[in-house]
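Colleague: any chance you could fold what I've pasted below:
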Amino acid sequence: MRKRPLMERKELMFKLQLPSSSFGMVPYVEEAGVALFEQIQARNMEGVVAKRKDSVYVSRRSAAWQKVINWSYADVFITGYRKGEFGWLAGVPNESGKIRPSGIIELGATPTHKKAFYGVSKSLITGEDREYVYVEPRIRARVKIRNWTKAGLLRSPVFTEFIV
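Modeller: The predicted structure follows:
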């Protein structure tokens, strides 16, 4: 099946008798991708995957299957950084206004952003442990995210800019 074109696989799959109502087929839309994506945005959903009709199934990223992500944005405080590979600790205010951890920003920051951050953060250090250096939550940043996890964490945060 994996070597057959997508539409042939779908045709065969939709004919299958499913073992229970817990199983289902993923619906698809042809010729209306823009309208579909507008509905995804209106419902604040994560995005869609656009697939070429003649594509075969592969177990890795492929130019024939493209994710179209409905990014949302969040403003966070940078509360620390990793000592090893790059990563800024992000936090957001909880209901009482206290900053709670919300994830690690690993993507999007340019060398210029990093240099600016480390220059300013030296005077904000409050402590450290084996893996992290912690700073006062005074530096704010905007990140684009896929959405929030059920645990209240940023899903795939990407740095976009500092908030001044």
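Colleague: in the protein, which spans are strands?
Modeller: Secondary structure of the chain by DSSP state E: the strands cover 47-51, 65-69, 72-82, 88-93, 99-105, 125-128, 132-145, 147-148, 154-155, 158-163.
Colleague: tell me which of those strands sits nearest to Q17.
Modeller: Within the strands of the chain, the stretch nearest Q17 is strand 47-51; the backing value is 24.6 Å (CB to CB). (C-beta placed from N, C-alpha, C; glycine too.)
Colleague: list the buried residues in the closest one.
Modeller: Residues 48, 51 are the ones in strand 47-51 that count as buried (16 or more other CB atoms under 10 Å).
Colleague: for it, packing partners?
Modeller: If you count contacts as 3 or more CB pairs under 8 Å, 6 or more residues apart in numbering; DSSP states H and E, strand 47-51 packs onto helix 33-42, strand 65-69.
Colleague: how far away from the center of its chain is that strand?
Modeller: 15 Å (CA atoms, centre = their mean, to the nearest Å).
Colleague: what lines up beside that strand in the sheet?
Modeller: Strand pairing for strand 47-51, determined by DSSP bridges: strand 65-69 (antiparallel).
Colleague: list of residues touching the strand it pairs with?
Modeller: By CB atoms under 8 Å, 6 or more residues apart in numbering, the surrounding residues in contact with strand 65-69 are 37, 46-52, 55, 146.
Colleague: now do it: distance to the chain's middle.
Modeller: For strand 65-69, the distance to the chain centre is 12 Å (CA atoms, centre = their mean).
Colleague: tilt between it and helix 33-42?
Modeller: Put simply, strand 65-69 runs at 40 degrees to helix 33-42, going by axes from the mean of the first three to the mean of the last three CA atoms, to 10 degrees.
Colleague: can we start the residue count at 520 from this point?
Modeller: Let's use 520 as the start, then, which means that last one is strand 584-588.
Colleague: okay then, goodbye and thanks.
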